[in-house]
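K.L.:
Just to be clear, the model below is a prediction. Sequence and coordinates:
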Amino acid sequence: MKRFISSVLLLLAAALPMRGFAASLDAALTCNQSGHQFIADLAQRELIDPKPTRVEQNSINAFSPAPGADLSAFGFHVFAVVGYEKDDPLFRVGDGEPLARSAYGVVVFGSEAKVRNALAGTGSTAIVHHVAPLITAIFCKRS
């Protein structure tokens, strides 16, 4: 009887829709779009919370992945998405000089060296920036 109940529960679990969803951001990180396009697309697809969780002094807005979203970039787990576009109501302005007219990217778990190696040969013009031990930013910006 126990085996039967376990089998039924397993079948029910398999039939229920998955709440989590995975998305690779590799193509977007070839730096061929604006900060607005990148963030608006992710928000429309409900992959990020559309309200920034933090705004840096340089106006870079940080967005959290939506619950259940498993975002990746070049094989690394994304735990924050960042972006800014000048004069765009989608973004809040910091109290310092903006980093660029338009910028976007992600923050991943991975060393700077491993992230650089993963981007090599992909055609991406993204900037790889060390943030902290095993935390690296992959960043696109337009002047």
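P.N.:
Received it, and whenever you're ready, just let me know what you need.

K.L.:
Could you please name the strands the top strand by length along the chain pairs with and the direction of each pair?
P.N.:
Across the chain, the longest stretch assigned as strand under DSSP state E is strand 76-85. Paired strands of strand 76-85, with direction, are strand 61-63 (antiparallel), strand 69-73 (antiparallel), strand 102-109 (antiparallel) (DSSP bridges).

K.L.:
would you list those strands in TSV and tack on mean neighbour count?
P.N.:
The C-beta positions use only the backbone N, C-alpha and C, and glycine is treated the same way. Formatted as TSV, those follow (neighbours: other C-beta atoms under 10 Å):
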stretch	mean neighbour count
strand 61-63	21
strand 69-73	19
strand 102-109	24
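
K.L.:
closest one to F79 among those strands?
P.N.:
Set against F79 and scored by C-beta to C-beta, the strands paired with strand 76-85 come closest in strand 102-109, at 6.1 Å.

K.L.:
Cool, thanks, talk later.
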